[in-house]
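Enquirer: I'd like to go over a predicted model; first the sequence, then the structure.
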Amino acid sequence: MRHYLATALAVMSATGMIASAHAQEVVTIGHSAPLTGPQSVNGKDNENGARLAIEDLNKAGMTVAGKKVTFKLDSEDDQADPKVGVQVAQKLVDSGVVAVMGPYNSGVAIPASRVYSGAGVPMLPVASNPTLTKQGFKNIFRIGASDVQLGGTMATFAAGTLKAKTAAIVDDRTAYGQGVADEFASVAKAHGIQIVDREFTNSQATDFHSILTTIKGKNPDVIFFGGYAAQGAPMAKQMIQLGLRAKLLGGDGICSADMGHVAGDAASIVYCAQGGVSLDKTAAGRDFLKRYKDAYHTDTQVYAVNYYDGVKMLADAMVKAGTTTDKAKLTSALANEDYKGVAGTYSFDEYGDLKGAPTTVYVIKNSLPVPYGE
């Protein structure tokens, strides 16, 4: 009798353990970004934003379809390299992630998107090249502004506020850099700005004396740089050294604390655009900035808040879809989101672009981007 009772209790205990295990679910979200190399400060910033959201969700406790959900982040280094990005995409798909935050770079996101689309995995990138969302894929939800919005904003600012009549353009030949530069050129011309020179560099360069000497001979009012802070900062320094009178304009790639830290005093000639509104304008934004700095002991760069909002929105979509694993239902729920995050409201058009994505022009003061006019 004792043996029977002990066996019965053991079975009941095991059954209870299994039931308890089934009542909990671990959900892994992927993340693809440059975590090493010149752009690693941005990749880590994005990762930090996503991790902060996951920590908040896990602390609060969340259930989907009656099951308690614990979130994890699988963060992979795509090195800002298209080939590595495709390998990372396949690795994340094979590991069973439910969605992917990123990639950060357009040159990585465009080829990687084919892997994610083939697997039906939702991807939430900030990569801004318009081509990304014009491929006909239904699983892409861009959580930042596009090149059309960023480049166009800076061209309008150059014409209307800076009263620029002439401009030179430099881009780093990446999908991002060329894309945002093309949009600047298009809108600048529409505003009557004459493009007096167009030059090209690469995303590893640090010496721009030859290019800038050529541009100096054209004496433009502004120079628009399509690229990232790792190149934009030394470019600003060399513009000062060579005595160029032009202001340096750019998109979100140079609109970061890293730009200010590296460029130093030369950052005073920089004007740049970020998607969204200034975080210090709202209580939620100020709270995010404080919690981020408390957690990571550094200032945000550009997109940490978008990755934070993106993870929270993904969790919201899971609740609405009633599933963490059915990717088709998650994709449908994301397409119908109207999610109010810290940085703004996220809803998407038929292509997966943010509807009415606001942009803000910044200057660099005390090493940090500050909204123009403040």
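Expert: Ah, there it is.
Enquirer: Only the buried residues of stretch 57-76, if you could.
Expert: 57, 62, 64, 69, 71, 73-76 (16 or more other CB atoms under 10 Å). Glycine gets a C-beta too; all of them are placed from N, C-alpha and C.
Enquirer: Those residues in helices, which ones?
Expert: When the buried residues of stretch 57-76 are checked against helices (DSSP state H), the matches are L57.
Enquirer: now, which of the buried residues of stretch 57-76 sits nearest A233?
Expert: S75 (25.5 Å; CB to CB).
Enquirer: Look up phi and psi at the nearest residue to the closest one once chain neighbours are set aside.
Expert: Using CB to CB, 6 or more residues apart in numbering and skipping the chain neighbours, the partner closest in space to S75 is H31 (4.2 Å). Here is the backbone geometry of H31 (degrees, to the nearest 10): phi -150, psi 130.
Enquirer: and H31, how many neighbours does it have?
Expert: Around H31 sit 29 other residues, with neighbours defined as other CB atoms under 10 Å.
Enquirer: From L73, how far out is it?
Expert: Going from H31 to L73 by CB to CB, to the nearest Å gives 6 Å.
Enquirer: shared neighbours, the two?
Expert: Taking CB atoms under 8 Å, 6 or more residues apart in numbering as the contact rule, H31 and L73 both touch 47, 50.
Enquirer: Y292 reaches E47, doesn't it?
Expert: No - Y292 is beyond contact range of E47, at 12.0 Å (criterion: CB atoms under 8 Å).
Enquirer: More neighbours: those two, which one.
Expert: E47 (25 against 21).
Enquirer: Now do the buried residues in the host helix or strand of the more buried one.
Expert: Secondary structure assignment for E47, by DSSP states H and E: helix 40-60. Using 16+ other CB under 10 Å as the test for burial, helix 40-60 gives 40-54, 56-57.
Enquirer: Same check on stretch 282-294?
Expert: Under 16+ other CB under 10 Å, the buried positions of stretch 282-294 are 285, 288-289, 292.
Enquirer: again with stretch 107-125
Expert: Here stretch 107-125 shows 107-110, 112-113, 115-117, 119, 121-125 as buried, counting by 16+ other CB under 10 Å.
Enquirer: One more: stretch 292-306?
Expert: 292, 296, 299-306.
Enquirer: Please render the residues you listed as a markdown table that adds secondary structure and distance to H209 to the earlier fields.
Expert: Listed next are the buried residues of stretch 292-306 as a markdown table, based on DSSP: H, G, I helix; E, B strand; the rest coil; distance: CB to CB, whole Å:
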| residue | secondary structure | distance to H209 |
| --- | --- | --- |
| Y292 | helix | 37 |
| Y296 | helix | 36 |
| D299 | coil | 30 |
| T300 | coil | 32 |
| Q301 | coil | 27 |
| V302 | coil | 28 |
| Y303 | coil | 31 |
| A304 | helix | 34 |
| V305 | helix | 36 |
| N306 | helix | 35 |
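Enquirer: got a list of what the residue nearest to the spatial centre of the chain touches?
Expert: For the chain, V126 is the residue whose C-alpha lies nearest the centre (CA atoms, centre = their mean; 3.4 Å). With contact set as CB under 8 Å, 6+ apart, V126 has these partners: 46, 102, 104, 142-144, 275, 303, 306-307.
Enquirer: Which of the residues you listed fall within helices?
Expert: Short answer: the contacts of V126 in helices (DSSP H) are 46, 306-307.
Enquirer: picking that back up, show me the two of the contacts of V126 that sit farthest apart.
Expert: Taking CB to CB, no two of the contacts of V126 sit farther apart than G102 and G275, at 15.4 Å.
Enquirer: Out of the contacts of V126, show me where the pLDDT dips lowest.
Expert: Across these, the bottom pLDDT score, 88, is held by G275.
Enquirer: pretty sure it contacts G356?
Expert: No - counting by CB under 8 Å, G275 stays clear of G356, with 11.0 Å between them.
Enquirer: Which one of the two is surrounded by more residues?
Expert: The neighbour comparison of G275 against G356 (other CB under 10 Å) goes to G275, with 27 against 10.
Enquirer: What residues does the closest residue to Q194 other than its chain neighbours make contact with?
Expert: Closest residue in space to Q194, ignoring its immediate chain neighbours: T166 at 4.9 Å, by CB to CB, 6+ apart. Residues in contact with T166 (CB under 8 Å, 6+ apart) are 193-196, 218-222.
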